[in-house]
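# Provided below are the primary sequence and the corresponding predicted coordinates.
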Amino acid sequence: MGIGLRLGCAAVALASALAGTLISGPAFAKDDLVIGAIQFPGTFHPSIDAMATKNYILDMARRPFTTFDQDWKLICMLCTELPSLEKGTAVEVTRPDGTRAIDATFTIQPGAAWGDGTPITTKDVLFTWEVGKHPQSGITNSQMFAKDIAGITAIDDKTFTIHWDKFRCSYDSINDFLLLPEHLERPVFEADPSQYRTRTLYDTDRTNPGLYFGPYRITRVESGAYVVLEQNPSWWGEKPSFKRIVVRTIENTSAMEANLLSGEVDFVAGEVGLSIEQAIAFEKRNGKRFNVVYKPGLFFEHIDLKLDNPILADVRVRRALLMSIDRDAISRQLFEGKQPVAHGQVNPLDRYYSDDFPKYPFDTAAAVKLLEEAGWTELRGGIRHDASGRRLSLEFQSTAGNRTRELVQQVLQAQWQKAGIEVKINNQPARVLFGSTMRERQFSGMAMFAWLSAPENIPRTILHSTMIPTPENGFSGQNYVGFSNPEADKLIDDLEVTCKEDDARPLWTRLQQIYAEQLPSLPLYFRSDSYIMPPWLEGVRPTGHQYASSLWVEQWRSKQ
Amino acid sequence: MLRFVAVRLLQALIVLLVMSFLIYGLIGLMPGDPIDLMINANPNLSPSDAARLRALYGLDLPIWTRYLNWLAAALQGDLGYSRLISQPVLDVLKPRLLNTLLLLSISLVLALAIAIPLGVHAARKPNSVTDTAVNLLCFAGISVPPFWLALLFIILFSVTLGILPAGGMAPIGGDGGLAERLPYLVMPVATLTLVSIGGYTRFVRAAVLEQLRQDYIRTARAKGVSERSVVWRHALRNAMIPVVTIVALGFGSLFSGALVTETMFAYLGMGKLIYDSILGNDYNIALVGLLLATLMTLAGNLLADLGYAALDPRISFTETRT
């Protein structure tokens, strides 16, 4: 045998030896649940850096005071009862400087304790507030801690009152007041607040049981690969069914599918998994082996229109743009009807949704009529021109590399072409589009992307005239379109202090009417989250909003 | 030779310094900063929070000030903290580097172990059936996209046969020892090996073919040296000089990873880390990762130069005057 052949044989033998140590079957029996996620959390600190996968995992290991449930109703989780003006647990007050404000009293669940057995008390509440409002702690959203909350009074170990800085209807909602363990984190914080974000135990001692207080606690973290959660013995609520939950990170969606099929991943959650078109394709191929559930949610896919553009400044053109596109067909053809068409920015599942506003069905003839009324009468080479010879031509931007959006863009471009509207697609990577083009309002015509909001979210940041980014305000705010409507501004201001549902409803209705009449952006559809579940898994109820279904992980069961 | 090595090390230091400045500057020139990415992920982030976080992360400083701050800290051994992974840079890099070294060195050794004999056999009988078959395999290997090959392996060995894990590094809950990791290495190693065999085989074939046409080979044959010795001891040794150059140029990739393969098999290596850190504006990780790859490429070239002398005694590092 020649040297070359021997070397070749040795290589093959080595490869065979590597393959010799085989594994078989799924990683766990039904006592365990393996969830696939496409990202790994950067940090495990609940209030540093918002990230869907982190929230999804932490929601199994912690609980917020309040949250929206699967029916989009605000509920207590760590507290015993929502404060209310009627019951006297919320009281309208006047501050010494004359400001109208409100105090709301919460009580912590009596049995609530950290994973190391330490009871959860108001000391934790006060410490969390102290960290949250400290300018150097690195907490991402400090607005609530540093500005909205004027003070917190601990009444006893379990009861505390939040003194809001002004009267607000959302006094009972502290969804983002995510508790930190005072007994563990205080020494780290006090050692050097400016280094807290790099020294927090959530990142230096991630499996410390005292950091968690949910049905599960994190017991192992392999950075970038997986997180293991096991039942928390100090959990005070309903006992969860699965003994162990593993969240595995598989960033490539094709590899994720293969892992599902090979049984190494049981379940892919909508919050952290496949996109809708990938889920639809997966369902077509493997629908018999899995339950694929689609849940329309609060991701509002739309096209922002630059209202400073002289063409788009005319509302007739904006309406014509919307009437020339067949959103029903797009939803049906591209998304199998799983992503409902949006007629406004308020989701029909929201309690303040109103059906009483103008809608714009697909009607090219009506769109053409509107364009002609707006002066775009002359067709040259299939493109409309006005009397001065100006082309009806618009730039259309979105996130490059997003296959769904690129596909939708091509369909829209073709449909607008039929109405004589020229659309030039100019996509940019997401970080360029959102990092400068949108933030500094450098887009010239149309930009397609999505907003994520919460139920009953008042759209101040995207519709109020004070939220138009300018060099003077440091490009703050997300009113990229430049929408300025005094009536809408007043409605938004009023909605923040109109608490009774019956009083707020007409304001919400009028705001939706203004949006539909003025069309600062073109509503497309509400994106759906897609959940790929094994037939034996039950109890998973997608929420459709930003608070994850894993907040109810103790209700998940295996049928077998 | 010592002087030669010393000069090359000094040159490497200068290159690293220049590279660190260029990489830092280029990342800084990209639109948006980490806080913009946060705003993108969290539309409720208020403008005052964004300004506070920019100041906290030092992003409100001019880029050259940030670079000098980084350089001063790095010279004292502090390579910084990863914003994306929330760990010190070295803690993030060490395991990833070892993973990448393990994956890529096994596949490099395997690829060379297969490519060298294949290339030699093809060169011995050019234009023969064997040569044509080897060439065909080489071009197939060069043309196959790694992600497609990886998917094919996953579908065959994990989904259909169920004999290999579809991805990951080790069993969940295991100790992560080498024995546990072997099954997880099979498919990534096979993918990388198969896609690189083609190139190496073609280089070896061309180099051996060139040597077999030389006068000294004819002389050796005329002297009655066995064909086996002519090919493997005389021709191959001289043919290895260009092959060593190619391997040395790829030495840096042993440390910079294989992005596609790592992503497909959820393998935690340097490729994905560097890619994510650049996209996520994680300056510290991107900078140190890329500098490490640069350093290793320079080291590979130095080793190649030293290897030339070992392979060919006519090459020396002493300065000659004519």
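That came in fine, so what should we check first? In this text the structure is predicted, and so the values were computed from the model without any measurement.
# Would you tell me which residues of the stretch 151-300 of chain B are close to chain A?
B:151, B:154-155, B:158-159, B:162-169, B:171-173, B:176, B:179, B:182-183, B:185-186, B:189-190, B:193, B:228, B:232, B:263-266, B:268, B:272, B:279, B:281 (Cβ under 8 Å from any Cβ of the partner chain). Where C-beta positions appear, they are placed from N, C-alpha and C, glycine not excepted.
# same thing but at 7 Å, please
The stretch 151-300 of chain B has residues B:151, B:154-155, B:158-159, B:162-169, B:172-173, B:179, B:182-183, B:185-186, B:189-190, B:232, B:263-266, B:268, B:279 near chain A, with proximity defined as Cβ under 7 Å from any Cβ of the partner chain.
# any idea of the mean pLDDT for stretch B:296-312?
Taken as a whole, stretch B:296-312 has an average pLDDT of 79.
# CA atoms of it as CSV?
Only the C-alpha atoms of stretch B:296-312 are listed here, as CSV (Å, rounded to 0.1, in the frame of the first residue of the first chain):
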residue,chain,number,x,y,z
MET,B,296,-1.9,34.8,13.3
THR,B,297,-1.7,35.5,9.6
LEU,B,298,1.6,37.3,10.2
ALA,B,299,2.8,34.5,12.4
GLY,B,300,1.8,32.0,9.7
ASN,B,301,3.8,33.9,7.1
LEU,B,302,6.8,34.0,9.4
LEU,B,303,6.5,30.2,10.0
ALA,B,304,6.2,29.7,6.3
ASP,B,305,9.4,31.6,5.7
LEU,B,306,11.2,29.5,8.3
GLY,B,307,9.6,26.4,6.7
TYR,B,308,11.1,27.3,3.3
ALA,B,309,14.6,27.0,4.7
ALA,B,310,13.7,23.6,6.3
LEU,B,311,12.3,22.3,3.0
ASP,B,312,15.0,23.7,0.8
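# Under the pLDDT cut-off, which ranges of the stretch 351-500 of chain A? List them.
Where the stretch 351-500 of chain A drops to pLDDT under 70, the residues are A:431.
# Heading C-terminal from the helix or strand hosting residue A:161, find the next helix or strand.
In this assignment (DSSP states H and E), residue A:161 forms part of strand A:159-164. Toward the C-terminus, strand A:159-164 is succeeded by helix A:182-191 as the next helix or strand (DSSP H and E).
# ok, residue A:135 - how many residues close by?
By the measure other Cβ atoms under 10 Å in any protein chain shown, the count of residues near residue A:135 is 16.
# Among the residues of the stretch 151-300 of chain B next to chain A, name the buried ones.
With neighbours counted using 16 or more other Cβ atoms under 10 Å in any protein chain shown, those contain these buried positions: B:151, B:154-155, B:158-159, B:162, B:164-169, B:172-173, B:182-183, B:185-186, B:189-190, B:232, B:263-266, B:268.
# what helices or strands is the one helix or strand residue A:406 maps to leaning on?
Assessed by DSSP H and E, residue A:406 sits inside helix A:403-418. Counting by 3 or more Cβ pairs under 7 Å, 6 or more residues apart in numbering or on different chains; DSSP states H and E, the packing neighbours recorded for helix A:403-418 are helix A:327-335, strand A:422-425.
# tally of neighbours for residue 293?
You didn't pick a chain, so chain A it is. A count of nearby residues for residue A:293, using other Cβ under 10 Å, gives 17.
# that's the wrong chain, I meant chain B
Residue B:293: 21 surrounding residues under other Cβ under 10 Å.
# How far off centre is whatever helix or strand it lives in?
Residue B:293 belongs to helix B:283-311 when assigned by DSSP H and E. Remark: helix B:283-311 is offset 10 Å from the chain centroid, using Cα atoms, centre = their mean, to the nearest Å.
# Looking only at that helix, what residues are buried by neighbour count?
B:283-302, B:304-308, B:311.
# what do you get for stretch B:204-222?
B:204-209, B:211-212, B:217, B:220.
# any chance of those residues in a markdown table, with pLDDT too?
A markdown table is the format used below for the buried residues of stretch B:204-222 (pLDDT from 0 to 100):
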| residue | pLDDT |
| --- | --- |
| B:204 | 92 |
| B:205 | 93 |
| B:206 | 92 |
| B:207 | 91 |
| B:208 | 92 |
| B:209 | 91 |
| B:211 | 90 |
| B:212 | 90 |
| B:217 | 89 |
| B:220 | 89 |
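# so residue A:451 sits in a helix?
No - Residue A:451: not assigned to a helix; according to DSSP: H, G, I helix; E, B strand; the rest coil it is strand.
# so it touches residue A:300, yeah?
Yes - assessed by Cβ atoms under 7 Å, residue A:451 is found in contact with residue A:300 at 4.8 Å.
# Compare neighbour counts for the two and give me the winner.
A direct count of neighbours by other Cβ under 10 Å for residue A:451 and residue A:300 places residue A:300 higher, at 23 against 18.
# Can you check the pLDDT for the closest residue to residue B:167 other than its chain neighbours?
Spatial nearest neighbour of residue B:167, excluding adjacent residues (Cβ to Cβ, 6 or more residues apart in numbering or on different chains): residue B:266 at 3.9 Å. pLDDT for residue B:266: 86.
# can you pull the contacts of residue B:266?
Contact analysis of residue B:266 by Cβ atoms under 7 Å, 6 or more residues apart in numbering or on different chains lists A:225, A:249-251, A:255, B:167-168.
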